[in-house]
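In: Following is a predicted model, sequence given first.
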Amino acid sequence: MVLTELQNQLNQIKNTKNAIAYLSTLNKNLDLFSKNLQFYPVELLKEVFDEAWEENNKLFILNFLNYLDIRGGKGERRVSKRWLIF
């Protein structure tokens, strides 16, 4: 309980209008799905992919297919190719 509360407090920031905003959803696969990874450095991509894979590998594969899909998904070929390399 104390650890969860500490995580929530560290995840919060104040925006320009002094309202609370969150840095992360605390779910690595959801964060991966919602980010625009096109311009991330390769080292950071590997870290993000590894964390999401460790959390839930089936959901990670669904994220990969979404990034690869050019019609219904994000269609980012560069990111998809990086995933295949790792």
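Out: Good, I have the coordinates.
In: If you count neighbours, what's buried in the helix or strand hosting residue 43?
Out: Applying DSSP states H and E as the criterion places residue 43 in helix 42-55. Neighbour counts over helix 42-55 (16 or more other C-beta atoms under 10 Å) mark 45, 48, 49, 52, 53 as buried. Backbone N, C-alpha and C define where each C-beta goes, glycine included.
In: residue contacts, the residue positioned nearest the centre of the chain?
Out: What sits nearest the mean C-alpha location of the chain, by C-alpha atoms, centre = their mean, is residue 32, with 2.0 Å. Residue 32 sits next to 48, 49, 52, 60, 63 when contact means C-beta atoms under 8 Å, 6 or more residues apart in numbering.
In: switch to 10 Å and redo it
Out: Counting by C-beta atoms under 10 Å, 6 or more residues apart in numbering, residue 32 makes contact with 48, 49, 51, 52, 53, 55, 59, 60, 63, 64, 66, 67.
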